[in-house]
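Participant: The following block contains a protein sequence and its predicted model.
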Amino acid sequence: MKKFINTDKAPAPIGPYNQAVLSNGTLYVSGQIALDPSTGELKTDDVVKETHQVMDNIKAILEAGEMKFEDVIKCSIFIKDLDYFGAINRAYGEYFDEKIAPARECVEVSRLPKNVNVEISCIAEK
C-alpha cells in the first residue's frame, strides 16, 4: 500500500510527482531544490545557503512522513559543478551524525531543474 506525502512546509512539486511516497515503511523523497516554500523564490546566489534550503525542504518532507534525518538510509546528490562539492558536502554534513550517516552518491550533471546548483533526494526507513 502506498501513501503519498505532501506538505506546504516544502515546495510544491513542479511536475507530475509527489514530494514523497511511503511504501511498506520506506519513504522515498523526491529530489529537492532550493525553492523557499513560503515565498516560491529560488535561493541560488550562494551554494551553501542553497544546500541548506534543500536540506530544510527534505526535513519538512521527512517530518510530514513522520521520519527524521536519522531515519535516512540513502541520499543522492546531483550538482552542476564538482567545484562546489566541498561547500555542499560541509553544509549537507551538518544534518547527519557521521557515525550514522546514510549511504550516498554525488554526481555532476550538466543541468538541473530551474538551473539550480544542487538537487538532493533520499530514502528513509524506520
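Facilitator: Ah, there it is. Numbering: from 1, shown residues only.

Participant: Now for the residue nearest to Gln32 when sequence neighbours are not counted, how many residues are close by?
Facilitator: Spatial nearest neighbour of Gln32, chain neighbours left out: Asn57 (4.3 Å); criterion: Cβ to Cβ, 6 or more residues apart in numbering. Heads up, the C-betas are built off the backbone N, CA and C, glycines and all. Residues near Asn57, counting by other Cβ atoms under 10 Å, number 23.

Participant: what does His52 give?
Facilitator: When counting by other Cβ under 10 Å, one arrives at 17 neighbours for His52.

Participant: for the protein, which spans come out with low pLDDT?
Facilitator: Low-confidence segments of the chain (pLDDT under 70): none present.

Participant: And the helices in it?
Facilitator: Taking DSSP state H to define them, one finds helices in the chain at 47-64, 85-93.

Participant: so Asn18 makes contact with Thr7?
Facilitator: No: Asn18 is not in contact with Thr7 according to Cβ atoms under 8 Å; the separation is 10.5 Å.

Participant: Can you list the residue ranges for strands in this protein?
Facilitator: Taking DSSP state E, the strands of the chain run over residues 2-5, 20-23, 26-32, 72-79, 103-108, 118-125.

Participant: CA-only coordinates of stretch 72-90 in CSV, if you can.
Facilitator: Taking Å, rounded to 0.1, in the frame of the first residue of the first chain, the C-alpha atoms of stretch 72-90 are listed here in CSV:
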residue,chain,number,x,y,z
VAL,A,72,17.6,8.3,6.1
ILE,A,73,19.4,5.3,4.7
LYS,A,74,20.4,6.7,1.2
CYS,A,75,20.9,10.1,-0.4
SER,A,76,21.6,11.0,-4.0
ILE,A,77,23.2,14.4,-4.6
PHE,A,78,23.3,16.0,-8.1
ILE,A,79,25.4,19.0,-8.6
LYS,A,80,26.0,21.3,-11.5
ASP,A,81,29.8,21.7,-10.9
LEU,A,82,32.0,19.4,-8.8
ASP,A,83,34.0,22.5,-7.8
TYR,A,84,31.0,23.1,-5.4
PHE,A,85,31.5,19.6,-3.8
GLY,A,86,33.4,20.8,-0.7
ALA,A,87,30.9,23.5,0.2
ILE,A,88,27.9,21.3,-0.5
ASN,A,89,29.4,18.4,1.5
ARG,A,90,30.1,20.6,4.5
